[in-house]
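model the following, please.
(chains A and B)
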Amino acid sequence: MELNNFVKKRKIPLAWLLLTRQPLRILVAIAGIAFAGILMFMQLGFRDGLFDASVTVHKLFDADLVLISPRSKSSISMSGFPRRRLVQAMAQRDVVGTTAVNWNFLLWRNPENLSTRSILALGFEPSNPLLIDSEFERKAKTLKIKGRVLFDDLSRDEFGPISTWFNSGRIVETEVAGKRVRVSGIVSLGPSFGADGNLITSSETYLELSPGNPKGSIEIGLVRLKKGSDIEKVVRSLNLSLPSDVKVMSLKSFIDFEKNYWKSSTSIGFIFTLGAAMGFIVGCVIVYQILYSDVSDHLPEYATLMAMGYNLRSLLGVVAREGFILSIMGYIPAYVSGQVLYALVRSSTKLPVEMSFSRASIIFCLILFMCMGSALAAMKKLADADPAEIF
Amino acid sequence: MNYINNNTLTISSLNHWYGHGEMRRHVLQSISMEISPGEVVLLTGPSGCGKTTLLTLIGALRKVQDGDLKVFGKQLFGASRKTRQNLRKNIGMIFQGHNLLRCLTAEQNVQMGADLLNGFSYKSRRSQSREWLRAVGLEDHLSKLPHDLSGGQKQRVAIARALAARPKLLLADEPTSALDSSTGREIVDLLKKLALEQSCSVLMVTHDPRILDVADRLLRMEDGQILHSV
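Next up, the predicted model:
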């Protein structure tokens, strides 16, 4: 019945023909929409990628709760708190283990060209768990020898071809903060917006590299709970029982805390959202221009159709369908280019810029909105189609 | 609907003005006329005498300001936009310029007319369109775009398009003005023949003295008034 109705109602695809019989115009339109779409994909992709990158290490921590100093604002400005607080936290019944982590930026010398660059260094007790990675425990054992570090092979290339050298069997030695270290293993963490690269070492080596660090002071305390513990409850009771020089939060809140810093305390979110908005506006102007001039050019034809007995609504439908077709035809190249550019960004910046389903659909909705809105504005011109004027 | 006992068109004391205040111009002055079903009426007169205005009023393209104007028995004075719009589906129009849709082929242009018919499948509307193009002698030019057709061929497509909606009244505004004399003659003969087969009345505005003989009746207009019937 439905199909039968469709066959009865089917008409000439006027919107499609109007567009496709003007190849130059539709090409300009598609290029414009795709350009706007690519701009939105890039800006929003960068924005989300930077936010995600700011927590690449955070996400890997083997912890249920995290202790930080209340003065810590973000991963690039971590303050210390007494290591004793972790021991005190052990008094809680649900706590099964803790790891003290030092976290600071140190200068890494590129062993190839000898230039130095700031790298994020993590120090911890190698016998304690740090990262959720089955391989990591084995690599951590190598840190028990003083002066050994694990290097993050996702660090930017400026730190030197460390993993290539290491994997080819070479002994890789360089300087960190002016002291000699040897790379004893490779890990994969990924750079963040704040840190171009990462290295992991033992607390002992860390203190050697960073002698100014106050004794017994750490930046992050990882706490592991018994399976099935009520995380929120433990967070509350620890916050009550521990002195106010530490803040206890769940790992998830810690990740959100970091992301939130980049979102609210920096201009990143604003800049990239503004960039995406610019893309949206440019797209609107282009589509509006195209549809408006299309309607203007065909005004006598629209008027003829009205004189033949087509009502205004069916003509508005034609313009709306033109907008819809343009949105689909513009979105596809935008999506494909977005994928290609994301891959390019990933390989050159090592930022985790991925095509997420939610972003892909948000941008499709924006493009659809852009095209339909422009079509709506162009429809006003249709009111000028006076069938009485065509005789 | 059954109009057998009705005139296709009845006009009595129709007036129309353009402009406002000082500039107001009385373009149609108490026009009265009738057209019976199947009749071919020609309307002549100097340009600016109001012929085209009369045509747009009959075609329900303009609001009637004063007087009686009934098409198929429907009063157009005070008729709503929607009524006028629906009425237009039963009135075929052929313009001075052919006014074909540039982006559609000859066949698709005719189908735009056929698509106005309710109750036919897409397939049947499509084959009807081809029938009409065959009737106007363009069966070999189905998929040509308007700019690949000659002036006479375009006007044939326009006739096919107007008739494809099966109108009961056909309004033509100088359909031959852009054509040479022999082509113009052919077009008018074709128009008359096809209209008669459909028992469709025709009101044609023309300047062309060579085609006056196709008319059942000849009306002459001057200064907004109909002078005499021949």
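
got the residue ranges for the helices in the chain?
Picked chain A for this. All helices of chain A, identified by DSSP state H, fall at A:2-9, A:14-20, A:23-53, A:56-60, A:84-89, A:136-141, A:162-167, A:203-209, A:231-241, A:251-264, A:268-297, A:299-308, A:312-349, A:357-382.

chain B was what I was after
Under DSSP H, chain B gives helices at B:51-58, B:81-88, B:106-114, B:122-135, B:151-164, B:181-197.

dump those to CSV, plus mean neighbour count.
To be clear about C-beta, it is placed using only N, CA and C from the backbone, and glycine gets the same treatment. Listed next are these as CSV, based on neighbours: other Cβ atoms under 10 Å in any protein chain shown:
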stretch, mean neighbour count
helix B:51-58, 22
helix B:81-88, 16
helix B:106-114, 26
helix B:122-135, 18
helix B:151-164, 25
helix B:181-197, 18
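
can you redo these as a markdown table with mean pLDDT?
Below are these laid out as a markdown table (pLDDT from 0 to 100):
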| stretch | mean pLDDT |
| --- | --- |
| helix B:51-58 | 90 |
| helix B:81-88 | 87 |
| helix B:106-114 | 92 |
| helix B:122-135 | 90 |
| helix B:151-164 | 90 |
| helix B:181-197 | 86 |
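
export these to JSON lines and tack on distance to residue A:135?
JSON lines is the format used below for the helices of chain B (distance: least, Cβ to Cβ, whole Å):
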{"stretch": "helix B:51-58", "distance to residue A:135": "84"}
{"stretch": "helix B:81-88", "distance to residue A:135": "75"}
{"stretch": "helix B:106-114", "distance to residue A:135": "67"}
{"stretch": "helix B:122-135", "distance to residue A:135": "65"}
{"stretch": "helix B:151-164", "distance to residue A:135": "76"}
{"stretch": "helix B:181-197", "distance to residue A:135": "86"}
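
which positions in chain B make contact with chain A?
When proximity is defined by Cβ under 8 Å from any Cβ of the partner chain, chain B lies next to chain A at B:52, B:55-56, B:59, B:61-62, B:85-86, B:88-91, B:93, B:95-96, B:99, B:101-104, B:108, B:111-113, B:115-116, B:119-123, B:145, B:161-162, B:165, B:173.

what mean pLDDT does the lengthiest strand in chain A get?
Longest strand in chain A, counting residues (DSSP state E): strand A:95-109. Averaged across strand A:95-109, pLDDT comes to 94.

skipping adjacent residues, who's closest to the residue in the stretch 251-391 of chain A that chain B sits nearest to in space?
Per Cβ to the nearest Cβ, the residue of the stretch 251-391 of chain A with the smallest distance to chain B is residue A:309, at 3.4 Å. Distances taken as Cβ to Cβ, 6 or more residues apart in numbering or on different chains put residue B:89 closest to residue A:309, at 3.4 Å, once the chain neighbours are dropped.

and that neighbour, how many residues sit next to it?
19 (other Cβ atoms under 10 Å in any protein chain shown).

residues contacting the closest residue to residue A:384 other than its chain neighbours?
Distances taken as Cβ to Cβ, 6+ apart put residue A:299 closest to residue A:384, at 6.4 Å, once the chain neighbours are dropped. Counting by Cβ atoms under 8 Å, 6 or more residues apart in numbering or on different chains, residue A:299 touches A:381, A:382, A:384, A:385.

check the gap between the second one and residue B:93 for me.
Applying Cβ to Cβ, to the nearest Å, one obtains 19 Å for the distance of residue A:382 from residue B:93.

and those two? Which one has more around it.
residue B:93 (27 against 19).

buried only: go through the contacts of residue A:299 for me.
Buried members of the contacts of residue A:299, scored by 16 or more other Cβ atoms under 10 Å in any protein chain shown, are A:381, A:382, A:385.

wait, the second one sits on residue A:317?
No: taking contacts as Cβ atoms under 8 Å, residue A:382 lies outside contact range of residue A:317: 10.8 Å.

is the closest residue to residue A:195 other than its chain neighbours bridged to anything, and to what?
Distance criterion Cβ to Cβ, 6+ apart; nearest residue to residue A:195, sequence neighbours excluded, is residue A:120 at 3.7 Å. Beta-bridge partners recorded for residue A:120 (DSSP bridges): residue A:105, residue A:198.

contacting residues around residue A:120?
A:57, A:75, A:103, A:104, A:105, A:192, A:194, A:195, A:197, A:198, A:199.

what of residue B:98?
B:146, B:151, B:154, B:155, B:157, B:158, B:178.

what is the nearest of the residues you listed to residue A:35?
residue B:146 (33.3 Å; Cβ to Cβ).

what about that closest one, distance to residue B:156?
Residue B:146 is 11 Å from residue B:156, by Cβ to Cβ.

out of the contacts of residue B:98, who's nearest residue A:207?
residue B:146 (86.0 Å).

give me the neighbour count for residue B:91.
With other Cβ under 10 Å as criterion, residue B:91 counts 27.

my bad, residue A:266
Using other Cβ under 10 Å: residue A:266 sits among 14 other residues.

go on, the one 3 residues further on?
Burial of residue A:269 is recorded as 17 neighbouring residues (other Cβ under 10 Å).

and it, what pLDDT?
83.

these two touch, right, it and residue A:47?
Yes: counting by Cβ under 8 Å, residue A:269 touches residue A:47, with 6.2 Å between them.

tally of neighbours for the residue nearest to residue A:21 when sequence neighbours are not counted?
In space, residue A:21 comes closest to residue B:103 once its chain neighbours are excluded; the distance is 3.8 Å by Cβ to Cβ, 6+ apart. Using other Cβ under 10 Å, residue B:103 is surrounded by 19 other residues.

for residue A:164, same thing?
12.

show me the contacts for residue A:231.
A:64, A:65, A:225, A:250.

again with residue B:149
Contacts of residue B:149 (Cβ under 8 Å, 6+ apart): B:106, B:141, B:157.

correct me if wrong: the second one contacts residue B:153.
Yes: under the criterion of Cβ under 8 Å, residue B:141 is in contact with residue B:153, at a separation of 6.4 Å.

give me the common contacts of the two.
In contact with both residue B:141 and residue B:153: residue B:106, using Cβ under 8 Å, 6+ apart.

what's the distance between the nearest residue to residue A:194 once chain neighbours are set aside and residue A:261?
Distances taken as Cβ to Cβ, 6+ apart place residue A:76 nearest to residue A:194, at 3.9 Å, with adjacent residues excluded. Residue A:76 sits 9 Å away from residue A:261, going by Cβ to Cβ.

hang on, the earlier thing: residues near the residue nearest to residue A:194, how many?
17.

show me what contacts the residue nearest to residue A:309?
By Cβ under 8 Å, 6+ apart, residue B:89 lies in contact with A:308, A:309, B:116, B:165.

name the nearest residue to residue 46, sequence neighbours excluded.
This is for chain A. Closest to residue A:46 by Cβ to Cβ, 6+ apart is residue A:272, at 5.4 Å.

ah, no, chain B please
residue B:222 (6.7 Å).

how many residues are close by that neighbour?
There are 12 residues near residue B:222, going by other Cβ under 10 Å.

and what of residue A:317?
Neighbour tally, residue A:317, other Cβ under 10 Å: 15.

that's all I had, so thanks and see you.
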